[in-house]
Each structure stands twice: as C-alpha cells, then as structure tokens.
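Trainee: What would the 3D arrangement of this be:
(chains A and B)
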Amino acid sequence: MTRVGLALVMAVTSSACWATRISPSALTRYQASVRTAEAQGAQGVPAARLHLELARHELATAEQLASDGDPRAGLALACAQVDAEVSVAMAREALLHVDALRAAVDLLAIQDKGGL
Amino acid sequence: MKMRVLVRIPLWGMLGCAGAPAQLVDARDTYMAASNGPSADLAPFELRAASRALDQANQVFDRDGDTLALRDYAYIAQRRVELADVTARSEGDRQSIIAAERQGVVRRASDVPFVEGNAIMGPEAASAESPVRSVAEERLHEARRELAAIAQVKRDARGLVITINGSVLFAPGTSTLLEIAKAKLDRVACAIEAQREDGRMLVEGHTDNQGSDATRLTLSLSRALAVRDYLVIGGVDGEMISVVGVGASRPLTDNGNARNRANNRRVEIIIQPLPLTRR
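Mentor: I've put the predicted structure just below:
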C-alpha cells in the first residue's frame, strides 16, 4: 500500500463517526475506475473528461486531508470514486451513441431501398 | 420479470426543504426527476443506488445539519443520479441498436478501444464482438464481481448458489436483519437481477449444531423468510422465491470449532436454472 493509501486508511479508522469508511480496496477501486475511464476514451469525450478531472482533483483533496489527519478524507475519496464512475459511464455512452446513430442511418438506407 | 423500482414519495418532498443547503435540495430535485423519467425503467439498479446515497445525505442532514460532510454526501447522491441517467441513455441506445439489427442492419463497431473489465480490447477485437453484447456482458461481469465481493458464489447441481454468512446478516440467535445487511442484500438483489433470466430462486437458511433440532429449524426458516421478505420489499417478485429452513442438516464443514460453526451459519440464495420445457 502506498503511503498515501496508508494515511487515508489511518485517517478514517481514527476518524469521527460520520466519516466514510475506507479500506485499501477503496483506493484500488478508484484507481481501477480511472484506468477504465482512460481506456474507454474519456479524454476524448468532454463531459467524461470533466468528471475524470474532477475525480483527480478530489483524490488530491483526499490525500491532503489524509495528511492533515482530517476524517473527511474518506468522503473526499468517495467523491472521487463516484466521479470516476460517471466518467466511465459517459465515455461508454458516447461509444454507444455513435453506434446507435450509425445503426439508425443504416436502417434508413435499408428502408429507402425498400428492404422493409 | 423486471425488478420493480418503488418510486418513493419522500417525506422531505411533502414537508418542504426549509434549511437544507442548495446541494442537498439539488440532489433531491434531480433524484425526483430521474425517478419519474427513463432511469426508472432503464437503469433501476443505478437509481436504487442513488436513492440510498440520497437517503444517507438526508440522514446526515437530519442528524448534523448543514456541514461540510453533508455537502459531500449530497454531491455523491447527485452524481449517483447522474450515473443512473447516463446508464439509462446507454440502455436506450443499446435497445435502438438491437431493434435496428433485428431489421437487418449489420452492426458497425466503434473505432475507440472498448474495455472489458480492466482489459483493453483493440478495435479489431471490439469489431469481432459487438459492443452492444459486450455492454450486457460487462454488466453481468460487474454483477458477478459485486457478488463475489460480498458473498461466496458457486455453481452446483442446484444452480447458482450465493452464500452469505449469517453473522453478516443477523445478530446472534436472531432473525432480524442488521442494518448493514440490508445494504449488502440490496447489492445482492441487483446482482441477482442482472443474471437471473426470470428463473426461480430458493432461499435456504442454515444453522450450526447448537441448540435443539426444533430451535435450529425454526431459526433457519425465520432467517430465510427475513431475507426473502427484504428482497420482495426491494422489488423482487415474491412468487418467484421459495424459502426453506434446513437447520444444521447440511453443514459446509464440521461444527468442531467456533470458526467452522460460524461458517455453517449462513443463508444461501439459489438461482435455479430454467426448466428445459420453458426454453
């Protein structure tokens, strides 16, 4: 586990009652979501890119809060996680939307040819 | 059979939102709009997750008022609603593509690499496997991954068997679901719906060998009923779920020590394969 990850875990295990619980797996899960978003082409989809940038910013916030021993570090990571997930979903949706538009165009071509 | 999403009429919607910060009000309004829109039908699982996130934010507000933490919870709830809406749009596109294919359209796959789990597939691999089917497969993969994170999953002659340890679900000696258990069962229910294909389910309650036969049978049945009832509340068709309590008659391992007894105390949710006559 990285030092940041350890700091995040310690921040939450010693935190106030309302802090979001976090485990090393939460940090791993966030990193996996970011990798997935990037691999899905999030950088090429403006809305997905925005959420990816938000996720990175929130992770930086979580790291700072963890360094300060602030129990809100876990919540900040949770915000980063959800933004990473939204980025993934938006990148995938962009792919599907392109395919749906292509299918609609192709269907019109079939109909024009009297195929239906 | 589709899981029904109960569209809730929240108390805060009726009493007004006096004092709530803008972030929480926005999250509530966004959820209300989503729950009355396509997301209710096309992304019920994601909408349920958004509902839970919003519930959590509301609870924090009721308990602590307007705090920095509350705004984070409201942010997360808002994003969960967005996720439901995006998923609904994807599902709408997917259905459009399928409808077009049924009318003779040959699918042209996107050029952007498609990711199956964490493995990156190049364009040639993506064209060989339709992203439309891959989205469905990926949801199934994610559902199985979710299940594996909170329960043991295996396939045997009975079907797909999801085993949840009893200590995760119930306080010792009781059949009352723990609050934390409900969140797990929500995730189990979502994962089940992703792969159930309208098959029947059987919920089996099991105990260790402590106590009398009658006590064990009663407790195991009560626990199975509690799990069944919670799944039904969540929208699973109760007519598709059978329950049975088997006491200690089918242990996973011997009851020789505390750990083994804990493992034997469990609930199994069995997704039964469809009868051949129905295929």
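
Trainee: in the helix or strand containing B:R94, what counts as buried?
Mentor: Following DSSP states H and E, one finds B:R94 within helix B:68-102. Of all the residues in helix B:68-102, those buried under the rule 16 or more other CB atoms under 10 Å in any protein chain shown are B:69-94, B:96-98, B:100-101. Every residue, glycine included, has its C-beta placed from N, CA and C.

Trainee: Intersect those with the contacts of chain A.
Mentor: B:69, B:72-73, B:75-76, B:79-80, B:82-83, B:86-87, B:89-90, B:93-94, B:96-97, B:100-101 (CB under 8 Å from any CB of the partner chain).

Trainee: Report how many residues lie close to residue 33.
Mentor: Just going to use chain A. 22 (other CB atoms under 10 Å in any protein chain shown).

Trainee: Sorry, I should have been clearer: chain B.
Mentor: Neighbours of B:A33 (other CB under 10 Å): 12.

Trainee: which residues touch it?
Mentor: Taking CB atoms under 8 Å, 6 or more residues apart in numbering or on different chains, we find B:A33 in contact with no residue.

Trainee: Name the next helix or strand downstream of whichever strand or helix holds it, please.
Mentor: B:A33 belongs to helix B:22-35 when assigned by DSSP H and E. Sequence order places helix B:39-42 as the next helix or strand after helix B:22-35, per DSSP H and E.

Trainee: now for that following helix, which elements pack on it?
Mentor: Secondary-structure packing of helix B:39-42 (3 or more CB pairs under 8 Å, 6 or more residues apart in numbering or on different chains; DSSP states H and E): helix B:44-64, helix B:68-102.

Trainee: 7 Å - rerun?
Mentor: helix B:68-102 (3 or more CB pairs under 7 Å, 6 or more residues apart in numbering or on different chains; DSSP states H and E).

Trainee: The helix it packs on: how far from the chain's middle?
Mentor: 16 Å (CA atoms, centre = their mean, to the nearest Å).

Trainee: Tell me which stretches of the chain form helices.
Mentor: Using chain A. Assigned by DSSP state H, chain A shows helices spanning A:3-13, A:24-39, A:46-67, A:73-112.

Trainee: Actually, chain B is the one I wanted.
Mentor: Using DSSP H, helices in chain B cover B:11-15, B:22-35, B:39-42, B:44-64, B:68-102, B:123-128, B:131-150, B:166-169, B:179-195, B:213-233, B:258-264.

Trainee: Of the ones you listed, which shows the lowest average pLDDT?
Mentor: Lowest mean pLDDT within these: helix B:123-128, a mean of 39.

Trainee: is it true that B:T253 touches B:N260?
Mentor: Yes - B:T253 sits in contact with B:N260 when judged by CB atoms under 7 Å, with a separation of 4.7 Å.

Trainee: So for these two, which residue has more residues nearby?
Mentor: Under the neighbour definition other CB under 10 Å, B:T253 and B:N260 were set side by side, and B:N260 has more, 15 against 11.
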